[in-house]
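A.B. asks: coords below, sequence missing:
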């Protein structure tokens, strides 16, 4: 029990007062839904652009594929506990309305919207929780702005949803949930007319005026430091620019015009961040909670930004691209790209999507992924969720088998690793990055882990040091396409998918090859291999060489 109390204290001590009071209010307050009809609809300006297109997830008129798992409404309904909470949430998002080739499924969409209204009474079930309500409001409004028409029952339901949401804002969670709430109020406020719609719009813009500078760091990164959630934030900001451009008469005041201008100034930095943290294959990296198939693909977001008049970042693909406020950096030399997490785990009061991955790296060589963090295939509470969040699932050092940050439950963190002595520089033709963290001091007094990266056009040297003698291992998870040929206990060859050989050798440590799994999408597990270097002393180096 004392250990549990300590864990809870290390977790809750970082919360903001608004989160604590908000949680109490959210549990105790029980507002009833207001079922009155909406005032009226605004006319839409012709400048509304086609939004970002995700992959379709409807596989039949009332059937879906979410998280790589199929489901038919007649079999599972809207509230079936046999499916994960995230799967059920996806049922209520209505992302398919604006997905690729959505026009081919128009009749499905019309019928499904009306079916949802009939089957989901106000303020009841998963679909009326604030987050899915927020995403559904936005998707219905985007669909209507794209030349489609909601039925009168659906329009009334949309107004009821917006009223309900305005009473159930997620102040207890903050972060991307509160952002999604505000975005939905803006969309509803610009779809309807009248005093009520104005209140929704004003409330949404007021929240965003505070949350945008809070959640988008000066270097453009979304503050939870997940490439996946960053891509979702890029889509959010582009959607806000899109909907406001469709209703210019609502943004004539000086203060609102200034707010829109600030959004337009931020978005190019967000696009740059997306590029910096992505691999040569054009897809995101796997730091913190990250998986393919949740956010729109990078290329889709870049195309959307261009339609809205943004110039894409023109970035040199070699050298150092640093994100000092976020803490991540990109080193590119010759055919090699290294992405390094020299960052805090995220905002102290909101580490729910953090992994214990401090000082981890990912690497591509000749355009092919080589080192990959293990990814994310599940949410919720369970052993696999904990394993995927743990330090051994990442390309970094584990000391005495513990996690560098105290991840627990599904979205909780107790003690957190703190970054120290961060440095990114270039000496001649060598790109350098280094940092240390104190995450293991709670187990061994005074023990820090320091990592130094030295990248040239034909080699990468990774130097790991721990400041106290303790059992330690460095792990390097290999992409499933990479094969391994061991020469001896310290060296061998990594064979890329195209047959090229990358020689590796360990110094001051011995190498073993473990079998593990990679999770590039929710619901996906692929077998892969992991190089594990056991420290002989307080240091272990890995040297890679290629032609």
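C.D. replies: Everything's here; your move. Every value quoted in this text rests on a predicted model; they were computed, and no experiment measured them.
A.B. asks: Kindly state the pLDDT recorded for the closest residue to residue 95 other than its chain neighbours?
C.D. replies: Nearest residue to residue 95, sequence neighbours excluded (C-beta to C-beta, 6 or more residues apart in numbering): residue 54, at 5.7 Å. Yep, even glycine has a C-beta here, placed from its N, CA and C like the rest. Residue 54 carries a pLDDT score of 95 in this model.
A.B. asks: Check residue 423 too.
C.D. replies: 98.
A.B. asks: ditto for residue 280
C.D. replies: Note on residue 280: pLDDT of 96.
A.B. asks: Quick one: neighbours of the residue nearest to residue 95, just the number.
C.D. replies: Using other C-beta atoms under 10 Å, residue 54 has 19 other residues around it.
A.B. asks: Quickly note the distance from it to residue 349.
C.D. replies: The gap separating residue 54 from residue 349 is 30 Å, by C-beta to C-beta, to the nearest Å.
A.B. asks: ditto for residue 279
C.D. replies: Applying C-beta to C-beta to residue 279 and residue 349 gives a distance of 31 Å.
A.B. asks: Let me know how buried residue 502 is, in neighbour terms.
C.D. replies: Neighbour tally, residue 502, other C-beta under 10 Å: 21.
A.B. asks: So in terms of bridging, what pairs with the spatially closest residue to it that is not a sequence neighbour?
C.D. replies: Spatially, and ignoring its direct neighbours in sequence, residue 502 is nearest to residue 494 (4.3 Å; C-beta to C-beta, 6+ apart). Beta-bridge partners recorded for residue 494 (DSSP bridges): residue 484, residue 502.
A.B. asks: still on that earlier bit, so for residue 279 and residue 349, which residue has more residues nearby?
C.D. replies: residue 279 (21 against 13).
A.B. asks: Give me the helices and strands touching the helix or strand harbouring residue 244, please.
C.D. replies: For residue 244, the host element (DSSP states H and E) is helix 227-245. Using 3 or more C-beta pairs under 8 Å, 6 or more residues apart in numbering; DSSP states H and E, the elements in contact with helix 227-245 are helix 130-145, helix 175-191, helix 195-215, helix 254-276, helix 298-307.
A.B. asks: what about the residue with the largest distance to the centre of the chain, distance to residue 377?
C.D. replies: Distance from the C-alpha centroid of the chain peaks at residue 488, with 39.3 Å (C-alpha atoms, centre = their mean). As judged by C-beta to C-beta, residue 488 and residue 377 stand 35 Å apart.
A.B. asks: ditto for residue 192
C.D. replies: When residue 192 is compared with residue 377 (using C-beta to C-beta), they lie 39 Å apart.
A.B. asks: Residue 400 too?
C.D. replies: Residue 400 is 27 Å from residue 377, by C-beta to C-beta.
A.B. asks: Have a look at the two and say which one is more surrounded.
C.D. replies: Legend: neighbour count by other C-beta under 10 Å for residue 400 and residue 377, higher for residue 377 (21 against 12).
A.B. asks: any idea where the helices of the stretch 351-500 of the chain begin and end?
C.D. replies: Taking DSSP state H, counting those that start in this stretch, the helices of the stretch 351-500 of the chain run over residues 383-389.
A.B. asks: what about the strands in it?
C.D. replies: Taking DSSP state E, counting those that start in this stretch as the test, the strands found in the stretch 351-500 of the chain are 361-365, 368-371, 397-399, 407-408, 412-413, 419-427, 430-437, 449-455, 459-466, 472-477, 483-486, 491-495.
A.B. asks: list the helices and strands the first one packs on?
C.D. replies: Using 3+ C-beta pairs under 8 Å, 6+ apart as the contact criterion, the neighbours of strand 361-365 among helices and strands are strand 336-341, strand 368-371.
A.B. asks: Mean confidence (pLDDT) on the shortest one, please.
C.D. replies: In this model, strand 368-371 has an average pLDDT of 99.
A.B. asks: And stretch 160-169, by the same measure?
C.D. replies: 98.
A.B. asks: Need the contact partners of it.
C.D. replies: For stretch 160-169, contacts defined as C-beta atoms under 8 Å, 6 or more residues apart in numbering pick out 26, 29, 31, 33-35, 122-123, 128, 130, 133-134, 136-137, 178, 181, 184-185, 188-189, 192, 196, 199-200, 203, 207.
A.B. asks: In PyMOL, how would I select the buried members of these?
C.D. replies: Buried residues among these (16 or more other C-beta atoms under 10 Å), as a PyMOL selection:
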select buried, resi 122+123+128+130+133+134+136+137+178+181+184+185+188+189+192+196+200+203+207
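A.B. asks: In three-state terms, label residue 105 for me.
C.D. replies: helix (DSSP: H, G, I helix; E, B strand; the rest coil).
A.B. asks: correct me, but it touches residue 58?
C.D. replies: Yes - the criterion here is C-beta atoms under 8 Å, and residue 105 meets it with residue 58 at 5.8 Å.
A.B. asks: Spit out the residues that contact these two alike.
C.D. replies: What both residue 105 and residue 58 touch, as defined by C-beta under 8 Å, 6+ apart, is the set residue 96.
A.B. asks: Poorly predicted segments of the stretch 101-250 of the chain, please.
C.D. replies: Nowhere does the stretch 101-250 of the chain drop to pLDDT under 70.
A.B. asks: residues in contact with residue 332?
C.D. replies: Residues near residue 332 by C-beta under 8 Å, 6+ apart: 317, 318, 319, 320, 321, 338, 431.
A.B. asks: bridging residues for it?
C.D. replies: residue 319, residue 337.
A.B. asks: Could you do residue 476 as well?
C.D. replies: With DSSP bridges as the rule, residue 476 is bridged to residue 531.
A.B. asks: Was I right to think it contacts residue 540?
C.D. replies: No - contact criterion C-beta under 8 Å: residue 476 and residue 540 do not qualify, at 11.2 Å.
A.B. asks: can I assume residue 535 is in contact with residue 475?
C.D. replies: No - contact between residue 535 and residue 475 fails when scored by C-beta under 8 Å: they sit 11.9 Å apart.
A.B. asks: just to revisit the earlier point, now the residue nearest to residue 502: how far from residue 542?
C.D. replies: On the measure of C-beta to C-beta, residue 494 and residue 542 end up 11 Å apart.
A.B. asks: In terms of neighbours, single out the busier of these two.
C.D. replies: Taking neighbours as other C-beta under 10 Å, residue 494 and residue 542 compare with residue 494 leading, 23 against 20.
A.B. asks: before we move on, the earlier item: out of the strands of the stretch 351-500 of the chain, nearest to residue 98?
C.D. replies: Closest to residue 98 of the strands of the stretch 351-500 of the chain is strand 368-371 (C-beta to C-beta; 29.5 Å).
A.B. asks: Who are the packing partners of that closest one?
C.D. replies: When contacts are defined as 3+ C-beta pairs under 8 Å, 6+ apart, strand 368-371 packs onto strand 361-365.
A.B. asks: Can you tell me what sits against the strand it packs on?
C.D. replies: Strand 361-365 has contacts (C-beta under 8 Å, 6+ apart) with 279-281, 285-287, 335-341, 369-373, 395-396, 453, 460, 462, 496, 500, 502, 546.
A.B. asks: Same question for stretch 37-54.
C.D. replies: 95, 98-100, 102, 142, 145-146, 155-156, 158-159, 190-197, 235, 238-239, 242-243, 245-248, 296, 300-301, 304, 307-308.
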